[in-house]
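Asks: Everything below, folded, please.
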Amino acid sequence: MEQESLTLLTALIKANNARGSTRKIFQKEGSDKLDLLRILVRLTKDTHMMSVKQYIEGTQKLNEIGRMLNFWMSKTKCIIKNGKN
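Replies: Presented below is the predicted three-dimensional model:
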């Protein structure tokens, strides 16, 4: 889970530094890693390696990251569509 978190962070940093369609690629990679993290957190809770409280806190944070990333991705899509890089 730690490795996937670092991979997510790396993808988001690369997306922030990129422009145009390259940014979109890194945003998608970050979104995919976020989905994987959600699954790993759920499996960790289901195998009792994490308490329900920790699971709730973790999923709330992941959901917030997801909302921010989705908003950013929608703005990037609009910028690319309008021809601004």
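
Asks: Mind listing what's buried along the longest helix seen in the chain?
Replies: Ranked by number of residues, the top helix in the chain under DSSP state H is helix 52-81. In terms of neighbour count (16 or more other Cβ atoms under 10 Å), helix 52-81 has its buried residues at 58-59, 62, 65-66, 69, 72-73, 76. Heads up, the C-betas are built off the backbone N, CA and C, glycines and all.

Asks: same for the lowest-mean-pLDDT helix or strand in the chain, what does it pack against?
Replies: Least confident helix or strand, the chain: helix 52-81 with a mean of 92, by mean pLDDT, DSSP states H and E. If contacts are counted by 3 or more Cβ pairs under 8 Å, 6 or more residues apart in numbering; DSSP states H and E, helix 52-81 sits against helix 20-46.

Asks: The helix it packs on versus helix 52-81: what angle between them?
Replies: 170 degrees (axes from the mean of the first three to the mean of the last three Cα atoms, to 10 degrees).

Asks: Output the contacting helices and strands for helix 20-46.
Replies: helix 2-17, helix 52-81.

Asks: how about it: buried residues?
Replies: Applying a neighbour-count criterion of 16+ other Cβ under 10 Å, one finds 23-24, 26-27, 29-31, 33-34, 37-38, 41, 45 buried in helix 20-46.

Asks: And the nearest residue to Thr7 once chain neighbours are set aside, how far from Glu2?
Replies: Closest residue to Thr7 apart from its sequence neighbours, by Cβ to Cβ, 6 or more residues apart in numbering: Lys33 at 5.3 Å. Per Cβ to Cβ, to the nearest Å, Lys33 is found 12 Å from Glu2.

Asks: Next, work out how far apart the residue nearest to Thr7 and Asp46 are.
Replies: 20 Å.

Asks: Equivalent analysis for Met68, please.
Replies: Distance, Met68 to Asp46, using Cβ to Cβ: 27 Å.

Asks: dump the residue contacts of Lys14.
Replies: 26, 29 (Cβ atoms under 8 Å, 6 or more residues apart in numbering).

Asks: one more time with 7 Å
Replies: By Cβ atoms under 7 Å, 6 or more residues apart in numbering, the contact list for Lys14 reads Phe26.
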